[in-house]
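In: Could you look at this predicted model? Sequence included:
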Amino acid sequence: MRNYAELAKEGTIEALTKIEMFEYLDDLRNEGITNMYGAVPYLESDMDCDKQFARDILTEWMNTYDRYSVWDYWEDYFISMNMN
């Protein structure tokens with residue numbers, strides 16, 4: 001397993017690495033294993049990175065979500081059910 005924290009410190013972390021970590025977080029979220037605010041220890045353990053790097057990646061991943069996306073989902077659902 002690659003040590004993502006070391007790659008980041010060296011300045012050699014690639015976009016692919018970030019995508020891999022974001023996909024890991026997506027999987028963690030979809031499986032319902034933990035509340036995502038508690039995902040840092042999972043990143044540390046499974047992705048072999050230190051706490052600060054895990055926090056930074058988690059924060060960046062969280063910032064990719066549009067805070068209104070849940071409402072958009074329900075709006076689409078109600079429109080599809082002709083309940084608007």
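Out: It's in. Numbering: from 1, shown residues only.
In: Check the gap between residue 36 and residue 30 for me.
Out: 11 Å (CB to CB, to the nearest Å). Placement of C-beta: from N, CA and C, glycine included.
In: oh, I was asking about residue 47
Out: 17 Å.
In: repeat for residue 45
Out: The value you get for residue 45 to residue 30, if CB to CB is used, is 19 Å.
In: Counting neighbours, go ahead and name the busier of residue 36 and residue 30.
Out: residue 36 (15 against 8; other CB atoms under 10 Å).
In: show me the contacts for the more buried one.
Out: 25, 28-29, 58, 62 (CB atoms under 8 Å, 6 or more residues apart in numbering).
In: Now compare these and name the two farthest from each other.
Out: Distance extremes for these: the farthest pair is 28 and 62 at 12.3 Å, using CB to CB.
In: Looking at those two, which has the bigger crowd around it?
Out: Neighbour count, other CB under 10 Å: between residue 28 and residue 62, residue 28 has more, with 18 against 12.
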